[in-house]
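Enquirer: Attaching a predicted model along with its sequence, questions to come.
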Amino acid sequence: MGADSVPTARPASAVPDVLAPGLTVVFCGINPGRVSAAARAHFANPRNDFWRLLHDSDFTPRLYTPEEQFDVLELGIGLTNAAYRTTPGSGDLRRGDFASSAQRLCELARSLRPRAVAFVGKEAYRGTFGERPELGPQLRTLDDVGLFVLPSTSPANAAVPYDERLRWFRALRQWIVPIERDAVRALVVDRADRVLLVQFRDSTGQGWWATPGGGIEARESPEQSLRRELAEEVGLVDFTLGPQIWTREHVFTWERRILRQRERHYLVRVEDHQPAPAVDLAAEWIAGVRWWTSSELAAAPPEELTPRRLPELVRDLLEHGPPHEPVDAGV
């Protein structure tokens, strides 16, 4: 998939984006140099170590050449640049060259949903977000997509030994393997057909509204976990557990960790309930708890709800009742 694959306006680039849906990692360089522009290929300078580092860190089973850049899509690898203008060196870039970079990468994250974006060099990240990063995983995310900063592979970064750069590429390779997590959640519905949601907020200020629940701890059954979570988060203790209505498997980044969470969602019907959390919500990354009507759900931006199909799923359940088999709730 080429540069036209991401639905957003952008300046022309001499080097095409190498992108597709559902990639494991997208490597983001700073901008095309003259050698790459002439070859219409990423990291085409023969003195650039990118392709060798990719192989030596086991991202690729053999050494690929820049001319084979589209072949790495089959390995779950994508390629793009933070700035699209060709320059003799990255030092020739201007602030305006990065004007749309953050928005474009955010749209890429939401539409193509890679697991992570890895910036090849601190300056690629700084140009995009206007802040100096440390190497490694970042607290900032793009929607659910994790961000990682690698040392530059440019020959201009020769002061950093190859072994040190390889160490960071291997760290990235290890980091993008998700941590497995089982979780359980409840769709709590009152007699007025309102649903109870909690707002989770990470340390960067990003927030999402979701059904209450959390991870299943060791030696807990799903029901035991759900009763514990509902008591802690919303103070709900006296209830009858209904049927399982949804399933959901979701890969996302949270506080510098990539998680693969497998969720079971159960229906809980109550007459009425005044949320009264029994724990410090801030310590649980919860910023709010409230009841939502169907019309309020329908009016909410999809990116603020988890799962994004929540309004549709709730509407279907209220109209037709619980499904005979749990439904895949999607991302």
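Expert: Arrived safely, thanks for sending. Residues are numbered from 1 along each chain as shown.
Enquirer: would you list every one of the helices in this protein?
Expert: Using DSSP state H, the helices of the chain run over 34-39, 50-56, 101-112, 122-129, 162-175, 222-234, 294-299, 310-320.
Enquirer: most neighbours per residue, which of these?
Expert: Of all those, helix 122-129 carries the top mean neighbour count, a mean of 22, counting by mean count of other Cβ atoms under 10 Å. Where you see a C-beta, it was placed from the backbone N, CA and C, and this is true even at glycine.
Enquirer: So which bits of stretch 72-81 are buried?
Expert: 72, 76-81 (16 or more other Cβ atoms under 10 Å).
Enquirer: how long is stretch 108-121 end to end?
Expert: Taking Cα to Cα, to the nearest Å as the measure, stretch 108-121 stretches 19 Å from start to finish.
Enquirer: avg pLDDT for it?
Expert: For stretch 108-121, the mean per-residue pLDDT is 97.
Enquirer: Quick one: closest of the helices of the chain to residue 63.
Expert: Closest approach to residue 63 among these (Cβ to Cβ): helix 50-56, 4.5 Å.
Enquirer: so how far is the closest one off the chain centroid?
Expert: Its chain's C-alpha centre and that of helix 50-56 lie 24 Å apart, by Cα atoms, centre = their mean, to the nearest Å.
Enquirer: For it, output the C-alpha coordinates as PDB.
Expert: Extracted in PDB, the C-alpha atoms of helix 50-56 (Å, rounded to 0.1, in the frame of the first residue of the first chain):
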ATOM      1  CA  PHE A  50      18.900   0.800   9.000                       C
ATOM      2  CA  TRP A  51      18.500  -2.300   6.900                       C
ATOM      3  CA  ARG A  52      21.400  -4.100   8.500                       C
ATOM      4  CA  LEU A  53      20.100  -3.200  12.000                       C
ATOM      5  CA  LEU A  54      16.700  -4.500  11.000                       C
ATOM      6  CA  HIS A  55      18.200  -7.800  10.100                       C
ATOM      7  CA  ASP A  56      20.600  -8.100  13.000                       C
END
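Enquirer: Which of the helices of the chain sits closest to residue 275?
Expert: Nearest to residue 275 among the helices of the chain is helix 222-234; the distance by Cβ to Cβ comes to 4.5 Å.
Enquirer: Run through the neighbouring helices and strands of the closest one.
Expert: Applying 3 or more Cβ pairs under 8 Å, 6 or more residues apart in numbering; DSSP states H and E, one finds that helix 222-234 contacts strand 179-189, strand 195-201, strand 213-215, strand 241-254, strand 257-269, strand 286-292.
Enquirer: what does it rub up against?
Expert: Helix 222-234 is touched from outside by 184-186, 188, 196, 198, 212-217, 220, 236-237, 239, 241, 264, 266, 268, 273, 275-279, 281, 284, 286, 289, with contacts defined as Cβ atoms under 8 Å, 6 or more residues apart in numbering.
Enquirer: switch the cut-off to 10 Å
Expert: 182-186, 188, 196-198, 212-217, 220-221, 236-239, 241, 244, 264-266, 268, 273-281, 284, 286, 289-290 (Cβ atoms under 10 Å, 6 or more residues apart in numbering).
Enquirer: thinking again about what came up before, need the helices of the chain in TSV (columns: distance to residue 203).
Expert: Shown next, in TSV, are the helices of the chain (distance: least, Cβ to Cβ, whole Å):
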stretch	distance to residue 203
helix 34-39	36
helix 50-56	30
helix 101-112	18
helix 122-129	16
helix 162-175	18
helix 222-234	19
helix 294-299	27
helix 310-320	24
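Enquirer: Ok, which of these comes nearest residue 17?
Expert: helix 101-112 (8.6 Å).
Enquirer: quick one, the closest one and helix 122-129 angle?
Expert: 90 degrees (axes from the mean of the first three to the mean of the last three Cα atoms, to 10 degrees).
Enquirer: Are any of the contacts of helix 222-234 buried, and if so which?
Expert: In those, burial by neighbour count holds for 183-186, 188, 196-198, 212-214, 216, 236, 239, 244, 264-266, 268, 273, 275, 277, 281, 286, 289, counting by 16+ other Cβ under 10 Å.
Enquirer: circling back to that earlier point, show me which pair in the buried residues of stretch 72-81 is furthest apart.
Expert: Farthest-apart pair in those is 76 and 81; separation 19.2 Å (Cβ to Cβ).
Enquirer: so which of the helices and strands packed on helix 222-234 comes closest to residue 113?
Expert: Evaluated with Cβ to Cβ, the helices and strands packed on helix 222-234 place strand 241-254 nearest to residue 113, the distance being 8.6 Å.
Enquirer: Pull out the buried residues from that closest one.
Expert: Judged by neighbour count (16+ other Cβ under 10 Å), strand 241-254 contains these buried residues: 244-246, 248, 250-254.
Enquirer: Just send these back as a markdown table, with pLDDT and distance to residue 178 too.
Expert: Shown next, in a markdown table, are the buried residues of strand 241-254 (pLDDT from 0 to 100; distance: Cβ to Cβ, whole Å):
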| residue | pLDDT | distance to residue 178 |
| --- | --- | --- |
| 244 | 98 | 23 |
| 245 | 98 | 25 |
| 246 | 98 | 20 |
| 248 | 97 | 15 |
| 250 | 94 | 10 |
| 251 | 96 | 5 |
| 252 | 95 | 9 |
| 253 | 95 | 9 |
| 254 | 94 | 11 |
